[in-house]
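1. build the 3D model from these lines:
(2 chains)
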Amino acid sequence: NAGVTQTPKFQVLKTGQSMTLQCAQDMNHEYMSWYRQDPGMGLRLIHYSVGAGITDQGEVPNGYNVSRSTTEDFPLRLLSAAPSQTSVYFCASTSPVNTEAFFGQGTRLTVV
Amino acid sequence: DAKTTQPPSMDCAEGRAANLPCNHSTISGNEYVYWYRQIHSQGPQYIIHGLKNNETNEMASLIITEDRKSSTLILPHATLRDTAVYYCMGSNAGGTSYGKLTFGQGTILTVHP
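-> Just a heads-up that it's a prediction; the model follows:
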């Protein structure tokens, strides 16, 4: 059981480039979410989804897009990367049984 | 979401109980208290959650005061592998903020030999 898988683990982008961070879960959870964590800080919610075809904004959504075409996948798109988006990105999938959130290992993104 | 206050850091000797406090005086009646931890910048790991009753699982115990304004996470026999940042938060499990977690600064717990 892989849980939540994020790819890539590391990425360096130039300012203005776009890219997609991938997140996949094999637990059949409806609820998935994306967080970012800046150095020395707690995680902040970017976007979340309560099921296929349904997404909504979190606390810090600007500069990011999401879509949810399947239950398993929840990609996060950076439209035009900026140095302020240098961060560690975590994807999570939440169990409806006990509301436990399972997190991926993170994507460490540097924008230069 | 409830605003939580935690001490920035704590120490604990290996084998002893680690008691991590959290103040959540603004927690609403339908918000659960959740605890997560993060080891070495890995993805956060769920520990435990509760509404008003004390809870225990294989990892820890959660003691919530009767007025629900504070709680204590207890690791009964801390090991070096419990060194991590511990986050306390309130979340409306099953409600409109289902699954939304608000992470504060957390408590850095250092377990030493």
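
2. ok, for the spatially most central residue of chain B, nearest residue in space, not its chain neighbours?
-> With distances taken as CA atoms, centre = their mean, residue B:35 lies nearest the centre of chain B, 3.1 Å away. Nearest non-adjacent residue to residue B:35, counting by CB to CB, 6 or more residues apart in numbering or on different chains: residue B:47, 4.3 Å away. Backbone N, C-alpha and C define where each C-beta goes, glycine included.

3. mind listing what the residue of chain B most remote from its centre touches?
-> Going by CA atoms, centre = their mean, the residue of chain B most distant from its centre is residue B:113, 22.8 Å out. Under the criterion of CB atoms under 8 Å, 6 or more residues apart in numbering or on different chains, the neighbours of residue B:113 are B:13, B:14, B:80.

4. who wins on neighbours among the residues you listed?
-> Within these, neighbour counts (other CB atoms under 10 Å in any protein chain shown) peak at residue B:14, which reaches 15 neighbours.

5. quick check, pLDDT for that residue.
-> We have a pLDDT of 97 for residue B:14.

6. my guess is it contacts residue B:75, does it?
-> No: look at residue B:14 against residue B:75 with CB atoms under 8 Å: they stay out of range, at 11.0 Å.

7. re earlier: and of the contacts of residue B:113, the nearest to chain A?
-> Comparing the contacts of residue B:113 against chain A with CB to the nearest CB places residue B:80 closest, at 21.1 Å.

8. just the ones of the contacts of residue B:113 in strands?
-> residue B:13 (DSSP state E).

9. the nearest residue to residue B:59 once chain neighbours are set aside: how many residues sit nearby?
-> In space, and not counting its chain neighbours, residue B:59 is closest to residue B:47: 5.4 Å by CB to CB, 6+ apart. Residues contacting residue B:47 under the criterion other CB under 10 Å number 21.

10. quick one, phi/psi of residue A:106?
-> Per-residue torsions, residue A:106: phi 100, psi 150 (degrees, to the nearest 10).

11. contact partners for it?
-> If you count contacts by CB under 8 Å, 6+ apart, residue A:106 has them with A:6, A:9, A:37, A:88, A:89, A:90, B:41, B:42, B:43.

12. and chain B, is whichever helix or strand the fourth one is part of touching that?
-> Right, residue A:88. Assigned by DSSP states H and E, residue A:88 belongs to strand A:87-94. Yes: on the criterion CB under 8 Å from any CB of the partner chain, strand A:87-94 is in touch with chain B at A:88, A:90, A:92, A:94.

13. my guess is the first one meets residue A:107, correct?
-> Yes: Residue A:88 is within contact range of residue A:107, at 7.0 Å (criterion: CB under 8 Å).

14. out of the two, which sits in the busier spot?
-> Remark: of residue A:88 and residue A:107, residue A:107 carries more neighbours, 23 against 18, as counted by other CB under 10 Å.

15. how much space between that one and residue A:44?
-> 15 Å (CB to CB, to the nearest Å).

16. enumerate every residue touching the residue nearest the centre of chain A.
-> Against the mean C-alpha coordinate of chain A, by CA atoms, centre = their mean, the closest residue is residue A:34 at 3.2 Å. Applying CB under 8 Å, 6+ apart to residue A:34 gives the contacts A:21, A:23, A:45-48, A:58, A:64, A:66, A:74, A:76, A:89-92.
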